[in-house]
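Participant: quick one, fold the following:
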Amino acid sequence: MPTQSQPKNVGRIPFESSIFREAVSSFVDSSKLKPAQVQDLENTTLESLKSCINDIQTEQAKGVNMRNINRIRPFIDSMEQYGKIIEVFLNLSGFVAYIWGPMKFLLQVTRKYIGCFDIILVEYERLGECLPQFQQYDSLFQDNRHMRKLLGLVYQDILEFHSRALKIIQRPAWNLIFRAAWKDLAECLKQIRDKLSWHKELIESQASLVEFKNAQQARELERRAFERDESENKRRRMVEITNWLAAADTRGDQETFEALRHEYPGTGSWVLRDTRIRRWLDATNMTDTELWLFGKPGAGKTVLTSVIIEELERMRASASPDTSNMLVAVAYFYCRYCTENKDNFNAVGRGILSHLIKYNEEIIPLVWEKLASSGEMILKSSKLLVELLEIAIKDSKPSYIVIDGLDECEKTERMRVISTLKRIAEMTNQQAPGAVRLLFVSTPEGDIKRQLSNFVKVQLKPDDADLRQYTEMWGIKIQERFTLSDIERDDLVTKVLERAQGMFLYCSIVLKHLYDQGTRAQLERELSPNIFPTGLEKVYERIVVRIYSTSNAQRQNAAQILALIACAKRPLKKHEVQAVFAIGDVQERTVDFAARALIDDINDLCSSLIEVNKTGTIQFVHMTARIFLTKGNYLDLVSAEANLAHLCVNYLTFDCFNRTLPGNEIRQFVLNGYFSFQDYAALYWLDHVEVLCDKSSADVQQIAKIAGAVKHLLQQQLNTESIDWKKIKIRKAVQSSFEALKDFPEVYQSLARLGLGAAQLRKASRQDGTLGQFTLDFLHLKGHIIEVRKQLEEAFQTFSPPERPRILEQAYGMHWFKCSRPTCAYFSEGFTSRQARERHEERHERLFFLHRRWMPRDRFWMLHA
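Facilitator: Modelled structure (predicted):
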């Protein structure tokens, strides 16, 4: 019996013709053929191929899609001669089946899709033009060993073509990706034709051994150069797609949750033993493909989700290459309340799509083609996103899709997530049962319950073992900190578990709160029956009481931090929060980290209400914490918005933002940390002003104060030279946004026009973003930021890490190399190296010129005049 990668008579291959065996082995591996498919190919003869062609012609003659299939005749004739030559001179009759078999398969599969069928015919026609009439040179092959080797190289090239074609045709959604994928193969196919043409020329010229060796060396150099270029092209496209999708870092989320669990071995492992979840995980089970895991807030759903995702990734990693049907695609997303890139349909869709693309390189050409034609810096079009999701999911069978925290999205957004993924999954599973498996994780909200009524349901119930292990380990930490006896420790653990009622979040926050007490007496007071909290709200109350029981300065600092986090238009970095304190009173117009930066750790000041992730981003520990603080009136959001608006606007009028400053003075301001809040203030000052004006409770003094600050800022920074403001007609919708300023006509008119200009620019650019992110085009501030960043990067290169002034990291973090596009997340996030930033901006440049071709700037303003 032949093996999977060897024809039937492989044992008779001469040593000089081992290239045939290697070519077949490489073909089978790269094409990902299964044993049954290999067997079918080996059994294909020229007669069965011709019979297939006749059947296709007969079928097409009955309709209106008759094609000139005779154009492939030269290829078949040349290969027929080729088969006879290698059978006579190399005794290799079995190998020609690997030419007829793939050809028959390609014609059969594409015959129903005329456009694809024509493309295949054209390529065989081109290949036929590159082949010699082999039988005219039979004596040449008999007498020259190097010419017989040339036959092996021809075979290798034909199999490479078939391998590339089969990789596309075997995809589940091949007909949807074929044109883009084939277009992407253009250079590869040209290289194959060029190599065949070289071989044809060597045969027809009856080249000598020296000429053959020279040609072989040239072929090898060409192959290496092509592989190098192909690899770089794939890398570049993947970078561009990654930037276009701008997906949230869900891999980072998963790693965070895994690290948390691994501190407490075995946590959550019980979920994998649940019969319903095991059936969902089993790819051979074709029925239970839709699962809903639900439980009350703070019950540890996200931790359990990370357990399931880790198991899925383990399944994929351990799958055997010989069982490619078991290689699954794993796509997941962690939603986050009030977080722009984690709480809406587009964010979820982009996150899922980014995962699926990593597992399926065949879909990359199509996605890149859509990217190039979209004109969007970041994928914004929901219609296009849904189209790509449908194709990616259909072409990634089997695929597991997990969405955690669905309830943390607004109702309309989560309904779009559910309905879209349900529709795609149901449509795909009708054609291939069990191909798509959905898992949604959320609280039991009414709208979610109705939408998922036909899902298999798993209600999250308390797992005493997990909670006890977690609580006992914290109990030991608290015991060591306060020198408790074993009995006292056990009493503490019992008390926490009794009050937790199965809520992991409750245990987590309470135990950290107890650990943070300053004295044993304070700990004992918190554990007393009349104070020890029951339920999350009571826990938050105790934390707030603890914050307010600190010194007046610490209390004020904590309140200011919480207000900043609640009102910020994006999650703030730790160094940006420090920058707010370093600015202090804006009337002083200075930034002083040495005198004003917080000495206390931000985590200590705000206790268990916030968390700082590994990138230095600060967020509330859970959506319930933010809701508690705002609904309980612990935060005055009107005052907080007013303060942040005043801070941003006044800060941007500091002397360090004077656009006439020479480079040496800018550098000195950089070294003193003056630009630490620049990225945030420059992008969001207008948004905070708009919110303040929209607050009905904003008092007259606040409005007058902000009006004066805005007037000062616009006098300094508004760029009226390149824009004719009179051409921008103010609309009522924009006027109403700043109506609170109507008693200040000059400011009111300027802001309304600025807001409208930003809105029009946003619409024309087809990008997401707040109004503030589009105002930089109208301000001198944009050029100043470029110069500041230049000075900061030079400072980075000037000082070695040991010599670098501490204030640089304290004020600017570690990601100093920023993207220049205000609407890009990396405008603020940045990179750790210039090279990473440059690779990122390559994609922006390509799309920028494409976008400008569609909507020139001067025409943009004419359209809206």
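
Participant: what's the helix or strand for the nearest residue to residue 689 once chain neighbours are set aside?
Facilitator: In this structure, residue 689 finds its nearest non-sequential neighbour in residue 645, 5.1 Å apart by Cβ to Cβ, 6 or more residues apart in numbering. Where C-beta positions appear, they are placed from N, C-alpha and C, glycine not excepted. Residue 645 is part of helix 637-651, with elements assigned from DSSP states H and E.

Participant: pull out the buried positions in the host helix or strand of residue 357.
Facilitator: Using DSSP H and E, residue 357 falls within helix 345-359. Under the neighbour-count criterion of 16 or more other Cβ atoms under 10 Å, helix 345-359 has 345-357, 359 buried.

Participant: what do you get for stretch 820-836?
Facilitator: Neighbour count says stretch 820-836 has 821, 822, 823, 824, 825, 826, 827, 828, 829, 830, 831 buried, by 16+ other Cβ under 10 Å.

Participant: gap between the closest residue to residue 71 other than its chain neighbours and residue 469?
Facilitator: Of all residues not flanking residue 71 in the chain, residue 125 sits nearest, at 4.4 Å (Cβ to Cβ, 6+ apart). Residue 125 is 69 Å from residue 469, where distance means Cβ to Cβ, to the nearest Å.

Participant: still on that earlier bit, would you turn the buried residues of helix 345-359 into CSV with pLDDT?
Facilitator: Output for the buried residues of helix 345-359, formatted as CSV (pLDDT from 0 to 100):
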residue, pLDDT
345, 96
346, 95
347, 94
348, 97
349, 97
350, 96
351, 96
352, 97
353, 96
354, 95
355, 95
356, 95
357, 93
359, 85
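
Participant: looking at those, which is nearest residue 574?
Facilitator: residue 347 (23.5 Å; Cβ to Cβ).

Participant: thought the closest one was touching residue 353?
Facilitator: No. Applying Cβ atoms under 8 Å as the test, residue 347 and residue 353 come out as separate, 10.9 Å apart.

Participant: common neighbours of the two, please.
Facilitator: residue 247 (Cβ atoms under 8 Å, 6 or more residues apart in numbering).

Participant: burial measure for the residue nearest to residue 689, as a count.
Facilitator: Here the number of neighbours of residue 645 (other Cβ atoms under 10 Å) works out to 27.

Participant: and it, what's its pLDDT?
Facilitator: pLDDT recorded at residue 645 is 93.

Participant: which among the buried residues of stretch 820-836 gets closest to residue 437?
Facilitator: residue 825 (30.5 Å).

Participant: what's that closest one in contact with, if anything?
Facilitator: 246, 341.

Participant: for it, grab phi and psi.
Facilitator: phi -60, psi -30 (degrees, to the nearest 10).

Participant: where does it land on pLDDT?
Facilitator: For residue 825, pLDDT reads 81.

Participant: one more: the one 10 residues further on?
Facilitator: Model confidence at residue 835, expressed as pLDDT, equals 87.

Participant: go on, residue 576?
Facilitator: 95.

Participant: and the helix or strand hosting it, what does it pack against?
Facilitator: Using DSSP H and E, residue 576 sits in helix 574-583. Applying 3 or more Cβ pairs under 8 Å, 6 or more residues apart in numbering; DSSP states H and E, one finds that helix 574-583 makes contact with helix 552-567, helix 593-596, helix 637-651, helix 806-812.
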